[in-house]
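# Here is a sequence together with a model predicted from it:
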Amino acid sequence: MHPTIYHIPVCPFCQRLDILLTLKGRRDDVAFQVIDITQPRPDWLLQKTRGTTALPVLETADGHIIKESLVILQYLEDIYPEPAVAQRDPWRRAVEGMLTRMDGDFFSAGYTWLMNQEPARRDALRDAMLQQYAQLNDFLVAHAPSGPFLFEDFGWAETVFTPFFQRFWFLEYYEDFALPDEARFARVREWIDACLAHPAAQQTSKEEVVKLYYDYSRGVGNGALPPGRSRSSMALEPDWRSRPWPPRDKYEHSATDAELDL
Ligand code: GAZ
């Protein structure tokens, strides 16, 4: 028996597990089972989770259920210890732990901006996003000035953050955001570029992110439906590859199912 991961395609928390297993050469030792976020959760899954709906969820080989991506990452690190992805030295592990703890505020800043529907709030949300990048930059300058990664290789912190760097392609598309070419972002830019280029983190693409997150850009998350629509942009069918790039003017226009080829 192998562990099974129940996951949502393009969910950044789920992608963390895929990256870690890829780094360990263990991707095929775990069964990945896709759950369609646009449909109600099946009863058999709700029974396993005792009613919660957030994914990823891992079912161990002996039938235990583990929730929360960071907890699942640690479990995978423990059952497949080699090659180590987490640091083993206590101080180094604490450093990557401190950086990992910055993931929540970073995630919120990006998603809050994407989902914002009020043009008047854009500048403040952009500033909040830049503040997050500046904090990451400061941390890296203090703990890893020479880069590109926190330690020698793409490791735990990179596994945690890279899915967000890729999701934030939606800010480039829907908010015209680019990290400014300024010294206060130089170190975090170097980190992001190295993370995005790493072979273990190529599970998604800008095109997939932009197309699937269209509804988020209209303020509607997690596979729910915007008014007037009958299919979510997070739907598995039709495949995102066959759909057009969505309109970028999220503040002016609400695309129909037909415009999105849904
Ligand atoms: N802390 C959990 C973990 O595993 O690390 C988070 C898991 C999670 O949020 N999973 C989402 C999910 O299953 C998919 S990815 N949602 C369906 C459900 O029924 O809960 C999350 C947000 C958000 C915007 C986007 C996402 C997201 O707020 O990417 O809040 C949690 C969901 C604006």
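The structure has been received and is ready for your questions.

# Just confirm residue 217 contacts residue 115, I think it does.
Yes. In terms of CB atoms under 8 Å, residue 217 counts as a neighbour of residue 115; the distance is 7.4 Å. Glycine gets a C-beta too; all of them are placed from N, C-alpha and C.

# quick one: which of those two has more around it?
Neighbour tally, residue 217 and residue 115, criterion other CB atoms under 10 Å: the higher count belongs to residue 217, 27 against 18.

# how about stretch 150-162: buried residues?
Of all the residues in stretch 150-162, those buried under the rule 16 or more other CB atoms under 10 Å are 150, 151, 154, 155, 156, 157, 158, 159, 160, 161, 162.

# Please name the residues that touch residue 24.
Residues counted as contacts of residue 24 (CB atoms under 8 Å, 6 or more residues apart in numbering) are 76, 80, 82, 83, 85.

# Surely the last one forms part of a helix?
Which is residue 85. No. Counting by DSSP: H, G, I helix; E, B strand; the rest coil, residue 85 is not found in a helix; it is coil.

# Do you know the pLDDT at it?
We note a pLDDT of 98 for residue 85 in this prediction.

# Same check on the third one?
What the model reports as pLDDT for residue 82 is 97.

# hang on, residue 260 packs against residue 214?
Yes. Between residue 260 and residue 214 there is a contact under CB under 8 Å: 6.5 Å.

# Just want to know which of those two has more residues nearby.
residue 214 (27 against 21).

# Quick check: that one touching residue 259?
No. Contact criterion CB under 8 Å: residue 214 and residue 259 do not qualify, at 9.9 Å.

# shared neighbours, the two?
residue 246.

# For the protein, which segments count as strands?
Ranges of strands within the chain are 4-7, 31-34, 57-59, 65-67, based on DSSP state E.

# Tell me which of those approaches the ligand most closely.
For those, the distance to the ligand is smallest for strand 65-67, at 6.7 Å, taking CB to the nearest ligand atom.

# What strands flank that closest one, and is each parallel or antiparallel?
strand 57-59 (antiparallel) (DSSP bridges).

# any idea of the pLDDT on residue 9?
At residue 9, pLDDT is 87.

# oh sorry, the question was meant for residue 222
Looking at residue 222, the pLDDT reads 87.

# can you start the count at 36 instead of 1 from here on
New numbering, starting at 36: the last item is residue 257.

# Near the ligand, which residues of the stretch 136-285 of the chain are found?
146, 150, 256, 257 (CB under 6 Å from any ligand atom).

# Turn the residues you listed into JSON lines, including distance to residue 81.
Formatted as JSON lines, these follow (distance: CB to CB, whole Å):
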{"residue": "146", "distance to residue 81": "25"}
{"residue": "150", "distance to residue 81": "26"}
{"residue": "256", "distance to residue 81": "20"}
{"residue": "257", "distance to residue 81": "16"}
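
# Go through those and flag which are in helices.
146, 150 (DSSP state H).

# Just the buried ones out of the residues of the stretch 136-285 of the chain next to the ligand, please.
Looks like those have 146, 150 buried, using 16+ other CB under 10 Å.

# ok, so of the residues of the stretch 136-285 of the chain next to the ligand, who is nearest residue 69?
Among those, residue 257 lies closest to residue 69 (CB to CB), at 15.6 Å.

# before we move on, the earlier item: pick the most deeply packed of the strands of the chain.
Among the strands of the chain, the stretch with the highest mean neighbour count (mean count of other CB atoms under 10 Å) is strand 92-94, at a mean of 22.
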